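Q: what's the 3D shape of this:
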Amino acid sequence: MKAQVKVLLNAEPVLPGTLENRYNICGKAECRCKDKVNPRKHGPYYRLSYSIKGKNSSVFVPEKDASAVERMTENYREARSNTQKLALEMVELYRREGLHSMLNKYRRLVEQEGSKKSGMKPETEGLDLHIGSHD
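A: Below is the predicted model of the structure:
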């Protein structure tokens, strides 16, 4: 659980989806992309394709941004996997030790990792997670 909390607190920028590179054929009759002997398509053109809440979409990505966008899609997959691992560990901890023990351990880990990052001592109160209220 400590490793997952550390990853969450040090999160990198994320983008969902997959970066694709495409090659296209244009509409010009005499273009190189329509050569009968050696056709050479235009491109590559980069596109980020993603699905959020059941809706598919895409966005054009300039070539200069492609490597950064690719890294952010990798960050997204890693963050999603990390969150799932953390959730499973918290479920197991909840089963073994109950809600308050689980939350106290989570708070301590967040405080420890947060204090390492900021160089400050951990707070004694921890996080206010508003257990049982939905304001």
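Q: Give me the pLDDT value at Gln112.
A: Listed pLDDT for Gln112 reads 87.
Q: Now Gly54, what are its backbone angles?
A: With angles defined as degrees, to the nearest 10, Gly54 sits at phi 80, psi 0.
Q: Over to the one 4 residues further on?
A: Taking degrees, to the nearest 10, you get phi -150, psi 160 for the backbone angles of Ser58.
Q: I figured it hits Arg47, correct?
A: Yes: Ser58 lies in contact with Arg47 (Cβ atoms under 8 Å); the separation is 5.1 Å. Placement of C-beta: from N, CA and C, glycine included.
Q: more crowded one of the two?
A: In this view Ser58 and Arg47 are compared by other Cβ atoms under 10 Å, and Arg47 has more residues nearby, 17 against 13.
Q: okay, the more buried one: pLDDT?
A: At Arg47, pLDDT is 96.
Q: Next, work out how far apart it and Lys55 are.
A: Counting by Cβ to Cβ, to the nearest Å, the gap from Arg47 to Lys55 is 16 Å.
Q: can you check Leu86 too?
A: Distance from Leu86 to Lys55, by Cβ to Cβ: 27 Å.
Q: what helices or strands is the helix or strand harbouring Thr83 leaning on?
A: Per DSSP states H and E: Thr83 is located in helix 66-97. Using 3 or more Cβ pairs under 8 Å, 6 or more residues apart in numbering; DSSP states H and E, the elements in contact with helix 66-97 are helix 2-9, strand 18-24, strand 42-52, helix 99-118.
Q: Which positions in it come out as buried?
A: 66, 69-70, 72-73, 76, 82, 86, 89-90, 93 (16 or more other Cβ atoms under 10 Å).
Q: With pLDDT and distance to Ala11 as extra columns, can I get these in JSON lines?
A: As requested, the buried residues of helix 66-97 are arranged in JSON lines below (pLDDT from 0 to 100; distance: Cβ to Cβ, whole Å):
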{"residue": "Ala66", "pLDDT": "96", "distance to Ala11": "22"}
{"residue": "Val69", "pLDDT": "97", "distance to Ala11": "17"}
{"residue": "Glu70", "pLDDT": "97", "distance to Ala11": "17"}
{"residue": "Met72", "pLDDT": "95", "distance to Ala11": "11"}
{"residue": "Thr73", "pLDDT": "96", "distance to Ala11": "14"}
{"residue": "Tyr76", "pLDDT": "93", "distance to Ala11": "10"}
{"residue": "Asn82", "pLDDT": "92", "distance to Ala11": "9"}
{"residue": "Leu86", "pLDDT": "93", "distance to Ala11": "12"}
{"residue": "Glu89", "pLDDT": "93", "distance to Ala11": "18"}
{"residue": "Met90", "pLDDT": "94", "distance to Ala11": "18"}
{"residue": "Leu93", "pLDDT": "95", "distance to Ala11": "22"}
